[in-house]
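Kindly return the folded structure for what I paste below:
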Amino acid sequence: QVQLVESGGGLVQAGGSLRLSCVYSGRTFSTYNMGWFRQAPGKEREFVAAIRWTGSTSYASPLKGRFTISRDNVKSEVYLQMNSLKPEDTAVYYCAARAEGYVQYDYWGQGTQVTVSS
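Predicted coordinates for the structure are as follows:
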């Protein structure tokens, strides 16, 4: 079984930065594709960024350039560096894992709150 635990959220002023971390435990991390999603109050959960087991990355278009996803296969961790934060980035951020060859993300963390004040 895979478990994901996020950390690093908090309150930051607009223009600031945060780095989210997600610790993975369970099956071989290096074979899993990882993603970050977010859900703002009253809105649907949306895709933020993903990193495949190969290291290739993808981003939601509006966030590209401000957010950077990375992974450390030795530590079994995935990160989301968020820069130039805006109040509209306020949301609960979730880490998710997807086995290679599968479409759906099967495993989710509990989420970490990010609040950006104006």
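
residues touching Thr115, list them.
The contact partners of Thr115, taken as C-beta atoms under 8 Å, 6 or more residues apart in numbering, are 9-12, 90. No exception for glycine: its C-beta is placed from N, CA and C like everyone else's.

With adjacent residues omitted, what lies nearest to the residue nearest the centre of the chain?
By C-alpha atoms, centre = their mean, the mean C-alpha position of the chain lies nearest to Trp36, the distance being 2.6 Å. In space, and not counting its chain neighbours, Trp36 is closest to Val48: 4.2 Å by C-beta to C-beta, 6 or more residues apart in numbering.

Wait, that neighbour touches Gly35, no?
Yes. Val48 lies in contact with Gly35 (C-beta atoms under 8 Å); the separation is 7.5 Å.

partner residues bridging Leu18?
Beta bridges link Leu18 to Met82, judged by DSSP bridges.

Just the local confidence number for it, please.
In this model, Leu18 is scored at 98, pLDDT.

before we move on, what about Val78?
98.

cool, Ser30 as well?
86.

my read is it is in a strand, agree?
No. Under DSSP: H, G, I helix; E, B strand; the rest coil, Ser30 falls outside any strand and is assigned helix.

Just the mean pLDDT for the helix or strand harbouring Ser58, thanks.
Under the criterion of DSSP states H and E, Ser58 resides in strand 57-59. Averaged over strand 57-59, pLDDT sits at 97.

picking up where we left off before, and the host helix or strand of the residue nearest to Trp36, what's buried?
Assigned by DSSP H and E, Val48 belongs to strand 46-51. By neighbour count with 16 or more other C-beta atoms under 10 Å, strand 46-51 contains the buried residues 48-51.
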